[in-house]
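> Structure for the following, please:
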Amino acid sequence: MRRNLEITSLLLLGLLVCLPWAVHSNNNSANSATNVDITPFRHRITTLESKYGALDHRLAEKFLSLGLAYRVNGELYQAISALRQALHISRINKGLHHLMHVPIVDLILDSHTKLSDWAAVERQHRYRYWIHRREVDKNSDDFIDAAIEFAAWETQAYDLDTGVPAFRQLRDAQAALVTVEETISAKNGTADPRMIRVLNLKAMANLNLATHVNNTEVDPVTGGPVSGETIADVISRRNLIIECFVNGKQALEQVVNISKLADQPIQHGLALANLADWELVFDRPRYSTRNYRRAYELLQSAGLSKEELAVEFEKPRRMSRFTVQRRTPEEEEMSNSDAAYVTASFKVTLTGHARNVKVVEVKPVNNSRIVRRTRAALRVARFRPRINDQGPVEAPSTIRYIFPDETI
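Got it, this is the predicted structure:
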C-alpha cells in the first residue's frame, strides 16, 4: 500500500512539474509568468469525452491538470470544481476508498482551507482518514501519519464552524490518538520518540474537551444540546473533566519521562513546563509552581542564556499547544490582512487568568460581535504566566484573536 501511495504522489508531482511548461507554451501575454491558459486543458477534456464518454478513466488526469492550472491562476472555486470532477471519475473507476484519491483530496482540502470553508475542510479530512482506515495497514507509518493529521485537525478546529459538533470532533481525535499510541507502543515500546508528538496532541485534545464541556451547555455523554441539567448530568460532566485531567496529565508525564530517558535536557525542561501549564489550568498552582521552577533550572543548567530563557518564559503565553520544540523570537501571532481580528491587552495573574482586559484594535472597527467573542474567550482562557527562577510572576500581555469565519 505504501508503494501505491508513493507512485500516486510521483504522478501528481509529474503533473505539477509539467505546469510551468504549460504556462510557457500556452501563454504569450504579459501575464504568462503567472497565468496558465486553460483552453488546451479544456480542449483535451472535450476530445476525450467525445471519443470515450464522460467517465473514461483518462479524464481523471485531465481534470486534475485543469484543477492545478486553476490553482496556479488563483481561481480556487474553479479549481475545486475541476478537482472534484477528477475525484468523481477516479472513484467510479477505482472504487470509493482507493489510495489514488488521496493526492486529489489533499488538493481539494488545501483549496477549501484557503477559502476558509471549514465545513468542506472537515468533510475532506474525514474522507481522507476513512480512506486510510479502509486501505492501509494500521501498523504502517502511512496510517499513523494519517491518523495524527486527522487528530491534529479535529483538535484545533473544534471551535470553527465545521458543521460537526465540537464534542464529536474532540472525541474522534481522542479515538484516533489512542489507536496511534497503541500501535507505536506495540511496535517500538512507549519510549519511541514519535510518541512525544502523539502524547502532546493527546493532552491538547483532552484540554480542549474539558474546556468545551465546562464552558458550554452540552450533554456530557453524547455532546448534544440539553434543555435542563439534572444531578446526573452534573456528575457526568464532572467525571468527564476529571477523566480529561487524568488522561492529559498522564500523557504529559510520559513525555517528561521519554525526554529524560533520551538524555535531552532541553526537551526535558520544556516538557516539565508543559506539565506545569497543565496543572495550572486545572487549578493546582502549588504543583505548577514547583514544576515551573524545575523547568527553569533544567533549561538554565542545559546552557540556555538569559536571552534564550527570556524567549521561553519572559512573555505570558496562551496555552494553545504543547510542544518540546524551542520557541523563536519571531514566534508571535501575526495578523492576517484578509481576516477580522481583535487585539487586546491585559494582565496575566499568577494563576494564568486574564485581568483588566482592554481592547486595543479591532478590524473591522465597527464589528462589536468579535469584540464580545474576544472578551468571552479571555474570560475562560488560561495563559502561562511570566516565569523566572522563583516561579510565575504577574505580567502584562497582548494577544490578537483572528476570526477567519467573520467577513471584513
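> Identify each buried residue in stretch 357-366, please.
362-363 (16 or more other CB atoms under 10 Å). For every residue, glycine as well, the C-beta is placed using N, CA and C.
> can you give me how far that stretch is from the chain middle?
Relative to its parent chain, stretch 357-366 has a centroid offset of 26 Å by CA atoms, centre = their mean, to the nearest Å.
> which residues are contacting it?
By CB atoms under 8 Å, 6 or more residues apart in numbering, the residues outside stretch 357-366 that reach it are 340-346, 370-371, 374-375, 378, 398, 408.
> Tell me which stretches of the protein form strands.
With strands called from DSSP state E, the chain shows them at 317-318, 340-348, 354-363, 383-384, 386-388, 391-393, 395-403.
> what distance separates stretch 99-118 from the centre of its chain?
Computed by CA atoms, centre = their mean, the separation of stretch 99-118 from the middle of its chain amounts to 15 Å.
> Identify each buried residue in it, please.
99-113, 116-118.
> need the contacts of stretch 357-366 in CSV with distance to residue 129, can you?
Below are the contacts of stretch 357-366 laid out as CSV (distance: CB to CB, whole Å):
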residue, distance to residue 129
340, 30
341, 31
342, 33
343, 36
344, 36
345, 40
346, 38
370, 32
371, 36
374, 32
375, 36
378, 33
398, 37
408, 33
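> Of the residues you listed, which is the nearest to residue 126?
Among the contacts of stretch 357-366, residue 340 lies closest to residue 126 (CB to CB), at 27.2 Å.
> Just list whatever residues bridge to that closest one.
Beta-bridge pairing for residue 340 (DSSP bridges): residue 403.
> What about the buried residues of stretch 99-118, which are in helices?
102-113, 118 (DSSP state H).
> which one is residue 64 nearest to, not counting chain neighbours?
Nearest-residue entry for residue 64: residue 86, 4.3 Å, with adjacent residues in sequence omitted and distances by CB to CB, 6 or more residues apart in numbering.
> ok, now residue 124?
Once flanking residues are discounted, residue 124 sits nearest to residue 109: 4.0 Å by CB to CB, 6+ apart.
> In this protein, where's the longest helix?
Longest helix of the chain, by residue count under DSSP H: helix 231-261.
> average pLDDT across that helix?
For helix 231-261, the mean per-residue pLDDT is 92.
> cool, stretch 69-85 as well?
Taken as a whole, stretch 69-85 carries a mean pLDDT of 95.
> Buried residues, that stretch. List them.
Quick answer for stretch 69-85 (16+ other CB under 10 Å): 69-73, 75-76, 78-83, 85.
> Can you give me the first-to-last residue distance of that stretch?
14 Å (CA to CA, to the nearest Å).
> what does it contact?
Here stretch 69-85 makes contact (CB under 8 Å, 6+ apart) with 19, 22-23, 34-36, 38, 41, 59, 63-64, 66-68, 104, 107-108, 111-112, 114-115.
> Now flag whichever of the buried residues of stretch 69-85 is closest to residue 353.
Closest to residue 353, out of all of the buried residues of stretch 69-85 and judged by CB to CB, is residue 76, at 40.8 Å.
> Which parts of this structure are helices?
Assigned by DSSP H, the helices in the chain fall at 2-26, 39-52, 58-73, 76-94, 102-114, 118-135, 141-156, 166-188, 195-215, 231-261, 265-281, 285-301, 306-313, 368-380.
> what would the ones you listed look like in a markdown table with distance to residue 392?
Rendered in a markdown table, the data for those read as follows (distance: least, CB to CB, whole Å):
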| stretch | distance to residue 392 |
| --- | --- |
| helix 2-26 | 47 |
| helix 39-52 | 59 |
| helix 58-73 | 47 |
| helix 76-94 | 45 |
| helix 102-114 | 36 |
| helix 118-135 | 35 |
| helix 141-156 | 26 |
| helix 166-188 | 28 |
| helix 195-215 | 18 |
| helix 231-261 | 18 |
| helix 265-281 | 8 |
| helix 285-301 | 6 |
| helix 306-313 | 9 |
| helix 368-380 | 18 |
